[in-house]
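Chemist: Only the shape, not the letters, is given here:
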């Protein structure tokens, strides 16, 4: 399947390490707002815009 | 993110053998937009750039993925040859006519026909998506995405179909009240609601909206959000 996966890590994710509550449904059905990711790795994409036209699964994670 | 954090992340990725692309949401802007309140959390965006699902990663299904990849470009843009620069720029601005015109200039070796077909597929999917949105009774979504889509399809015959949907919406006597209620619900969703009193007030508003809009899309949205807030109250969040 043509599914590109981008994983996001950041200080916010790390700061949420103590909670296990799931994400609240917020925006299904709405266009993704402009996304600015830094340090994209393990992909040929230079910016998030390079994923346009492809399905993308964003997963928020921390590394504990 | 600090250098130390980045080093830890790279180490984690290597240790876990994760093969997926990853990046840094510095300042947590994206997480904040999605109101991520716990991890792991995932968001699925379809090939048209629409958020189609949000929740715990374990909740994603094959059906959701299949729907999300419908009409996707056959190759990611970073694998396109340099000759496609103008197509990429137009797609980024969602100027589909320009993108198609530029794709028509590409040779078969540069993937021109495939790229053109994908752009047409994206356009068809978006028009179909708008019609489905209207049919579902999501009048605010129709109004918002329809106006944007009409601009993006400037110079294309598909724009007429979008304008027809918007004309139907404008003529719909029930739409105004539903849109007003949907905006109220959206405003409540955007509120912080961190204090118990704020939660209770929002729940009272939603209960009124649910009653007044029973049986339509706004009523359903009010019910869904009301149930979410009840759950938050129960969980003490």
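Modeler: It's in. Here the structure is a predicted model, which is why all the values come from computation and not from measurement.

Chemist: Which helix or strand contains residue B:114?
Modeler: helix B:112-135 (DSSP states H and E).

Chemist: swap that for residue B:88, sorry
Modeler: Assessed by DSSP H and E, residue B:88 sits inside helix B:85-92.

Chemist: outside of that helix, which residues touch it?
Modeler: Here helix B:85-92 makes contact (C-beta atoms under 8 Å, 6 or more residues apart in numbering or on different chains) with A:49, A:52-53, B:77, B:80, B:96, B:98-99, B:102-103, B:105-106, B:115, B:119. Quick note: C-beta positions are derived from backbone N, CA and C, even for glycine.

Chemist: by contact count, what packs against the following helix or strand past the helix holding residue B:114?
Modeler: Downstream of helix B:112-135, the first helix or strand assigned by DSSP H and E is helix B:139-152. Applying 3 or more C-beta pairs under 8 Å, 6 or more residues apart in numbering or on different chains; DSSP states H and E, one finds that helix B:139-152 contacts helix B:112-135, helix B:159-171, helix B:175-190.

Chemist: can you give me the angle whichever helix or strand comes after the last one makes with helix B:175-190?
Modeler: The C-terminal neighbour of helix B:175-190 among helices and strands, as given by DSSP H and E, is helix B:196-212. Comparing the axes of helix B:196-212 and helix B:175-190 via axes from the mean of the first three to the mean of the last three C-alpha atoms, to 10 degrees yields an angle of 160 degrees.

Chemist: Buried residues, the helix or strand that helix B:196-212 is followed by. List them.
Modeler: Next along the chain after helix B:196-212, taking DSSP H and E as the criterion, comes helix B:217-235. Using 16 or more other C-beta atoms under 10 Å in any protein chain shown as the test for burial, helix B:217-235 gives B:217, B:218, B:219, B:220, B:221, B:222, B:223, B:225, B:226, B:229, B:232.

Chemist: anything in helix B:217-235 near chain A?
Modeler: Yes - applying C-beta under 8 Å from any C-beta of the partner chain, one finds helix B:217-235 touching chain A at B:224, B:228, B:235.

Chemist: Make TSV out of these and add pLDDT and distance to residue B:111.
Modeler: Shown next, in TSV, are the residues of helix B:217-235 next to chain A (pLDDT from 0 to 100; distance: C-beta to C-beta, whole Å):
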residue	pLDDT	distance to residue B:111
B:224	90	42
B:228	85	44
B:235	77	50
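
Chemist: For residue B:188, give its distance to residue B:160.
Modeler: Using C-beta to C-beta, to the nearest Å, we find residue B:188 at a distance of 36 Å from residue B:160.

Chemist: give me every residue that touches the residue nearest to residue B:202 when sequence neighbours are not counted.
Modeler: Closest residue to residue B:202 apart from its sequence neighbours, by C-beta to C-beta, 6 or more residues apart in numbering or on different chains: residue B:188 at 5.1 Å. By C-beta under 8 Å, 6+ apart, the residues touching residue B:188 are B:202, B:205, B:206, B:225.

Chemist: May I ask which helix or strand of chain A has the lowest mean pLDDT?
Modeler: helix A:11-15 (a mean of 31; mean pLDDT, DSSP states H and E).

Chemist: Beyond it, next helix or strand please.
Modeler: Using DSSP H and E, the next helix or strand after helix A:11-15 towards the C-terminus is strand A:38-41.

Chemist: tell me what the following helix or strand past that next one is packed against?
Modeler: Next in sequence after strand A:38-41, counting helices and strands by DSSP H and E, comes strand A:55-60. Under the contact criterion of 3+ C-beta pairs under 8 Å, 6+ apart, strand A:55-60 touches strand A:3-9, strand B:41-45, helix B:62-69.

Chemist: Now do the contacts for residue 45.
Modeler: Just going to use chain A. Residue A:45 makes contact with A:51, B:21, B:76, B:77, B:78, according to C-beta under 8 Å, 6+ apart.

Chemist: actually chain B
Modeler: Contact partners of residue B:45, counting by C-beta under 8 Å, 6+ apart, are A:32, A:55, A:56, A:57, A:58, B:51, B:52, B:68.

Chemist: The fourth one: neighbour count?
Modeler: Using other C-beta atoms under 10 Å in any protein chain shown, the number of residues around residue A:57 comes to 20.

Chemist: ok, it touching residue B:42?
Modeler: Yes - applying C-beta atoms under 8 Å as the test, residue A:57 and residue B:42 come out as touching, 6.1 Å apart.
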